[in-house]
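Visitor: Below is the sequence, then the predicted model.
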Amino acid sequence: MEIKAEQTENYQADILVVDDTPDNLRLLIRILQKNGYKVRPVTNGFSAIDAIQSSVPDLILLDIMMPDINGYELCQKLKVQPQFSEIPIIFISALEEGIDKAKAFEVGGADYITKPFQVKEVLARVSNQLTVRSLQMQLQEKNQKLTDQNVQLHQEIAERRQVEMETRLLLEATQAISKSDNFESAIDVILGLICQTIEWNLGEAWIPNSDGVLRCARGRYVSDSSFAQFRQTSWQLTFAPGVGLPGRIWQSQQSEWIEDVSTASEQVFLRSEIAVNVGLKAAFGLPILADNQVLAILIFYREKVLESQPRLLELVSAVATQLGSLIQRKQAEAALKVQQEQTEKLLLNILPKPIAERLQKGQNPIADHFDEVTVLFADLVGFTEFSAHKSPTQLVEILNGIFSEFDRLSELHGLEKIKTIGDAYMVVGGLPTARQDHSEAIALLALDMQAALRKFNLKIGEGFQLRIGIHSGSVVAGIIGISKFSYDLWGDTVNVASRMESNGLPGKIQVTAKTYERLKEQFIFEERGPITVKGKGTMLTYWLLEEQTQSI
């Protein structure tokens, strides 16, 4: 799939709208075109496939109930084809049941909008999916660039190893860097390797710091203790760009040679008198570069007057270049490590830790049966009406504030949040690690969620209420598919818990008789009585009121 990672201001996102209802189709076309999108409408699944094969869209708005192939089937067909699998698909359907929405996400849908829809909601979700996809493509491009850089660095190392002396110096310097925490800690070994190989007496490294000057690194090489006085003055000095031998090399990013520092002017070499006293004569220096930035300046001294030796400069310059490449590679590896840690952290935000570890080991699909868990569904009553009068940013901020507190409470009670769908929240107790008190923990969470929402209402001056449903039983939990992994639950227990929520009342926590039997000794309930539940017939349910007060 080819999507521009960085879109220009004039770029129109290409959206394919698939709906067999003419009125819906016309409305969506008008909304999207008015907001600057390129819209291609089709009325059935087969036409959609032809349109996608002709030109891959940036996003698909897909109805579920269609005469030839339904939306679920079309989504499945696209997700198994690599060239189409990453097209974000937003389902738009009149189906309101949780199981229908769950199926939409199971087959690979990125989002779900219920008809009749709000214009702002459609635009917000479309914009969100296009933004997410664009960011994904940018990340892929950056990763590819980083990989290409690493390949290039390896190629450079292989080419430069043709010279025997350069190869030996590079390998030993590489070992020194790999065994050290940072470049400066390895400078003793690196400078020693170079000086001993080229038979020079003293080597120094000058490193740019945050103050915009060069400071002498503690690491050094001296062939004789008589040069200690010269080294002492180096630690006390700093060089600005263009000042002294290190400063000029820093500014020019070119190597420089001085035949005899004792006869050089102060503008050329600042420490001529001290150099003469300790017996140093010739000097040369060169930069270690990476991406046109100076990582360090290497300066070498010898107790003999020597004319410029181009071959020597080339040799040490080659080593310095390789050192720069190695340091750059270490920086790239460090960046990759940070990126990997961020990826792992993101994975743990999406999946339970035991499941994430199994997925990283290559297990897929993952499916486990749990005999006893408790499932909670909560719906934010009044949020849909509220959303009609707020901007997308305000809606996201408020919903994030509420659900973030629910996440904190879920973690506090040791429960596993499964997902949010719009303004609905789903959490389960008793998996992926089994626990005996899963029903009690869910009940405490439900009461805490109500209390937290009351505090949030006081803070923002609103009157949101939660409609909560709870049921206990067996489920299958796991991960299916090949992209956009999410940990989900399946089974009758999930359906019944969802029915408890949808058939409940605002501000109430409705539980089934099975959950009631598990909790009646620890909590106070009020019998609601038999109710008719779709797909289950008549069920006896209860209202969870509060926790039993422990008497001393």
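Guide: Yep, it's here.
Visitor: Please enumerate the strands of the stretch 451-552 of the chain.
Guide: 465-479, 488-490, 509-512, 523-533, 537-547 (DSSP state E, counting those that start in this stretch).
Visitor: which of these sits most buried?
Guide: Ranked by mean neighbour count, those are led by strand 509-512 with a mean of 27 (mean count of other CB atoms under 10 Å). (Glycine included, C-beta is placed from N, CA and C.)
Visitor: That one pairs with which strands, parallel or anti?
Guide: With DSSP bridges as the test, strand 509-512 is paired with strand 465-479 (parallel), strand 537-547 (antiparallel).
Visitor: Render the CA-only coordinates of the longest one in CSV, please.
Guide: This means strand 465-479. Listed next in CSV are the C-alpha coordinates belonging to strand 465-479 (Å, rounded to 0.1, in the frame of the first residue of the first chain):
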residue,chain,number,x,y,z
GLN,A,465,-23.8,8.4,34.6
LEU,A,466,-22.5,4.9,34.2
ARG,A,467,-24.6,2.0,33.2
ILE,A,468,-22.7,-1.1,34.3
GLY,A,469,-23.3,-4.8,33.7
ILE,A,470,-21.5,-7.7,35.3
HIS,A,471,-21.6,-11.5,34.7
SER,A,472,-19.3,-14.4,35.7
GLY,A,473,-18.5,-17.6,33.8
SER,A,474,-16.2,-19.1,31.3
VAL,A,475,-14.5,-17.4,28.3
VAL,A,476,-12.0,-17.9,25.6
ALA,A,477,-9.3,-15.2,25.5
GLY,A,478,-6.6,-14.5,23.1
ILE,A,479,-5.2,-12.8,19.9
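Visitor: What count of nearby residues applies to the nearest residue to K79 once chain neighbours are set aside?
Guide: Leaving aside its chain neighbours, K79 sits nearest to G108 (4.0 Å; criterion: CB to CB, 6 or more residues apart in numbering). As a burial measure, G108 scores 22 neighbours (other CB atoms under 10 Å).
Visitor: three-state assignment of G108?
Guide: Of the three states, G108 takes coil under DSSP: H, G, I helix; E, B strand; the rest coil.
Visitor: could you check the distance from it over to E266?
Guide: Distance, G108 to E266, using CB to CB, to the nearest Å: 73 Å.
Visitor: I'd like the next helix or strand past the helix or strand of the chain with the lowest mean pLDDT.
Guide: Sorting the helices and strands of the chain by mean pLDDT, DSSP states H and E puts helix 353-360 at the bottom, at a mean of 69. Counting by DSSP states H and E, the next helix or strand C-terminal to helix 353-360 is strand 366-381.
Visitor: Tell me the strands beside that following strand, with direction?
Guide: strand 424-429 (antiparallel), strand 465-479 (antiparallel).
Visitor: Show me the one of the ones you listed that comes nearest A320.
Guide: Nearest to A320 among the strands paired with strand 366-381 is strand 465-479 (49.8 Å), distances taken as CB to CB.
Visitor: Over to stretch 37-45 now: how far is its first residue from its last?
Guide: With CA to CA, to the nearest Å applied, stretch 37-45 spans 21 Å between its terminal residues.
Visitor: Show me the contact partners of it.
Guide: Outside stretch 37-45, the residues that touch it by CB atoms under 8 Å, 6 or more residues apart in numbering are 12-20, 22, 25, 28-29, 32-33, 48, 51, 55, 57, 66-71, 73-74, 126.
Visitor: at 6 Å instead, please
Guide: 12-18, 20, 25, 29, 32-33, 48, 51, 66, 68-69, 74 (CB atoms under 6 Å, 6 or more residues apart in numbering).
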